[in-house]
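Visitor: My questions are about this predicted structure, shown below with the sequence.
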Amino acid sequence: MDKNIVISIKTIFITFLFVVASLLLYQIRDVVFQLVIALILALSVESTISSLVKRKIPRWVAVILVFGGAMLALGGFTTIALPDIISQTRKLLMNLPYLVESVVPNEELRRSLSTELSKLTFSQGGVVSFTVNFFSNAITTVTLFIFTLYLSIDLPNVKKRFIELFGEKHKSRLDESWHEIEVNLSRWIKGQLFLMVAVGLAAYVGLVFLKIPYAVPLAIISGLLEVVPVLGPIIATIVAGVVGFSIDPLTGTMVVALFVGIQQLENTILVPRIMQKVIGFNPLVTMMALLIGGQLFGIIGALIAVPTILILIVITHSIISIEVDDTGLE
């Protein structure tokens, strides 16, 4: 009887601690998100840092070289291009409802399309709103940079402590899984960034050639939405098509053909060559991850959804392998 009472009290206490911890994590969820993003970024650049360390460069110097180069590029982009990009994007978004009205004859469809485009852009969780707010919020940007920098410098120690939690028996397999996460995150992020830049640049060149207004924001929207499989290119095509058809039907048709052609070239040439080495992904899984992450945590959740799924896939494979080793099954 006494033993049951002790177990019951212990269970209640553990449950209470779990609830308190959950509430605390919810209250500091913004900080937790930044730490998660910082960890993903640190893991994604680790392969580059490790390659520099192998060349006898001190780790802290390698970290500064990688992050310094990234900050110089980002700072140059922000100083030179971002103000003009934000200005043109705001003009496009302000005029978008009128462009939709001039293109779509059906009032109900026009109202529905305008509402959805407004959600995508103007809402607090919209892509454009998030991008502008992120770059304008210096504290958030600096904090995320510092988190990532410290994690990168101390990542070998973090890795060592994490693996030690599971004992010496599984050290080798966990080390392999950690390395696999680093490599795949690096490949996915670099590949995704390349695809976004390639699609955005191709869209910009094509739109300028067709003399379409708002070419810069339309190309940026196309590049940003590249991270959303299937649905992203469709939305980008619709937005650009609305601008094209507001000029005349022939121009609108050429704009739609341009975006469809870019996606066909990407799907047949770029994606197979760039993303073939990244394991565990297909469009359905990626879309589901983005939708679930976006639904739960907004645009931040959508951004970290795919890297999180990648990490979970590797961890799941590692757990299954450990279970097989422990049971002695072949």
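Guide: The structure has been received and is ready for your questions.
Visitor: how far away is Ala70 from Val197?
Guide: 15 Å (Cβ to Cβ, to the nearest Å). C-beta coordinates here come from the backbone N, C-alpha and C atoms, glycine included.
Visitor: do the same with Ile49
Guide: According to Cβ to Cβ, Ile49 and Val197 sit 22 Å apart.
Visitor: and these two? which has more neighbours close in?
Guide: Neighbour count, other Cβ atoms under 10 Å: between Ile49 and Val197, Ile49 has more, with 23 against 12.
Visitor: Just to check, the more buried one is in contact with Val66?
Guide: Yes - if you go by Cβ atoms under 8 Å, Ile49 and Val66 touch, sitting 5.7 Å apart.
Visitor: And the pLDDT for Val128?
Guide: Note on Val128: pLDDT of 52.
Visitor: For the remainder of this discussion, apply numbering that starts at 353.
Guide: All right, first residue 353 from here; so that's Val480.
Visitor: can you pull out the helices in this protein?
Guide: 354-379, 381-405, 411-432, 434-455, 459-473, 479-488, 490-516, 523-561, 567-576, 583-599, 601-617, 623-627, 635-679 (DSSP state H).
Visitor: buried ones in the second one?
Guide: Spelled out, it's helix 381-405. 385-387, 389-402, 404-405 (16 or more other Cβ atoms under 10 Å).
Visitor: List the contacts of it.
Guide: With contacts defined as Cβ atoms under 8 Å, 6 or more residues apart in numbering, helix 381-405 is touched by 377, 411, 413-415, 417-419, 492, 495-496, 499-500, 503-504, 507, 533-535, 537-538, 540-542, 649, 652, 655-656, 659-660, 663.
Visitor: among the residues you listed, which ones are buried?
Guide: The buried subset of these (16+ other Cβ under 10 Å) comprises 411, 414-415, 418-419, 495-496, 499-500, 503-504, 507, 533-535, 537-538, 540-542, 649, 652, 655-656, 659, 663.
Visitor: Just the buried residues of stretch 517-532, please?
Guide: Applying a neighbour-count criterion of 16+ other Cβ under 10 Å, one finds His522, Arg525, Leu526, Ser529, Trp530, Glu532 buried in stretch 517-532.
Visitor: Reformat the residues you listed as TSV; add pLDDT and distance to Ser670.
Guide: Below are these laid out as TSV (pLDDT from 0 to 100; distance: Cβ to Cβ, whole Å):
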residue	pLDDT	distance to Ser670
His522	72	8
Arg525	81	6
Leu526	81	7
Ser529	84	4
Trp530	85	9
Glu532	83	8
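Visitor: how about JSON lines for those residues, with distance to Tyr556 added?
Guide: JSON lines is the format used below for those (distance: Cβ to Cβ, whole Å):
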{"residue": "His522", "distance to Tyr556": "49"}
{"residue": "Arg525", "distance to Tyr556": "46"}
{"residue": "Leu526", "distance to Tyr556": "45"}
{"residue": "Ser529", "distance to Tyr556": "40"}
{"residue": "Trp530", "distance to Tyr556": "39"}
{"residue": "Glu532", "distance to Tyr556": "36"}
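Visitor: For Leu617, state which of those residues is nearest.
Guide: Glu532 (30.6 Å; Cβ to Cβ).
Visitor: show me what contacts that closest one?
Guide: Per Cβ under 8 Å, 6+ apart, neighbours of Glu532: Val666.
Visitor: before we move on, what about Ile656?
Guide: Phe385, Val388, Ile389, Ile392, Gly645.
Visitor: cool, and Leu545?
Guide: Going by Cβ under 8 Å, 6+ apart, the list of residues near Leu545 is empty.
Visitor: what does Arg411 give?
Guide: With Cβ under 8 Å, 6+ apart, Arg411 has these contacts: Ile401, Val405, Ile505, Pro508.
Visitor: Which pair of those residues spans the longest distance?
Guide: Farthest-apart pair in the contacts of Arg411 is Val405 and Ile505; separation 11.5 Å (Cβ to Cβ).
Visitor: Low-confidence ranges, the stretch 403-552 of the chain, go.
Guide: 429-430, 432-434, 445, 448-450, 452-492 (pLDDT under 70).
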